[in-house]
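>>> all I have is the shape, not the residue letters:
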């Protein structure tokens, strides 16, 4: 079970009072098909070398935006860790029992539970991409896919 | 001016009909103080070696979550490119005039305009972090800060 996700507070953990309002909104562009149907089955970290395949099923609306991706590319996948609580300021991961600030950890528990992973693109079939190296549960929402590096590096607000 | 952000469609560009509803919501955890006050002043890509300093001003609510970060760390900053349009499926970047799918570009114009950049952490003063290597406009909202690598790598949904 991932840190803090069962609603219990471990020793040293501190929850924040949450803001009354949100500030921006997201579209889910698709879902990740994973061999892990329960969160407790997920590994701590994906394995791009010997781990299982994951399928990124992109919603029909956004499929035209895949044009130009090619097998062999390394892509950055941003996804939404929809099962994670969002209110912990300090966390005590089970793996070592040491308390850290949320922003000093890559835990899924964070105010905006956005995961970022770079994976190899193994296949493209219509609106479905096959990748390896993720660790998320089946049905996890996808937020974005972009080349890990590319012609257009700039990302400015 | 960033691609597509002036509301005009360039040759080859295609806009999507947008979904009626959003799927999830974000909290802004702070703002980026940048030397670039206008978007047209921003470089195409940040320069961590010789570029200017940026200050990440974290909201008081979330400042306790910085505990454990240290000067010299490399941190991944996720921020919200709040000035970008979100509806382009195909884009024709001005830099080369070639049309690509949005997910084959790192353009700021995308359904969820989340930027991800890894930068060196140069200073920590209270709730303000100083970094170098960003390229965004002053006032850009921050979504997350996490170690670029760390004790707790796992990010599962």
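Yes, it's here. Note that this is a predicted model, so its numbers are computed, not measured. Residues are numbered from 1 along each chain as shown, chains lettered A, B, ... in the order given.
>>> from here on, just use CA atoms for contacts and neighbour counts.
Will do.
>>> need the contact list for residue A:137.
Neighbouring residues of residue A:137 by CA atoms under 8 Å, 6 or more residues apart in numbering or on different chains: A:32-39, A:42, B:156-157.
>>> please redo it, this time with the cut-off set to 6 Å
Going by CA atoms under 6 Å, 6 or more residues apart in numbering or on different chains, residue A:137 touches A:34, A:36-37, A:39, B:157.
>>> okay, the angle between the helix or strand where residue A:116 lies and strand B:114-125?
Assigned by DSSP states H and E, residue A:116 belongs to strand A:114-125. For strand A:114-125 against strand B:114-125, the angle by axes from the mean of the first three to the mean of the last three CA atoms, to 10 degrees is 150 degrees.
>>> for strand A:114-125, packing partners?
strand A:74-80, strand A:128-132 (3 or more CA pairs under 6 Å, 6 or more residues apart in numbering or on different chains; DSSP states H and E).
>>> so who does the residue lying closest to residue A:72 once chain neighbours are set aside touch?
In this structure, residue A:72 finds its nearest non-sequential neighbour in residue A:121, 5.4 Å apart by CA to CA, 6 or more residues apart in numbering or on different chains. The contact partners of residue A:121, by CA under 6 Å, 6+ apart, come to A:71-74, A:131.
>>> and residue A:121, bridged to which residues?
Going by DSSP bridges, residue A:121 is paired in beta bridges with residue A:131.
>>> one more: the one 4 residues further on?
With DSSP bridges as the criterion, the beta-bridge partners of residue A:125 are residue A:128.
>>> that older thread, nearest to chain B, of the contacts of residue A:121?
Checking those against chain B by CA to the nearest CA gives residue A:73 as the nearest, at 9.7 Å.
>>> tell me the contacts of that closest one?
Contacts of residue A:73 (CA under 6 Å, 6+ apart): residue A:121.
>>> where's the closest residue to residue A:91 other than its chain neighbours relative to residue A:112, distance?
If the residues on either side of it in the chain are set aside, residue A:91 comes closest to residue A:13, at 4.8 Å by CA to CA, 6+ apart. As judged by CA to CA, to the nearest Å, residue A:13 and residue A:112 stand 18 Å apart.
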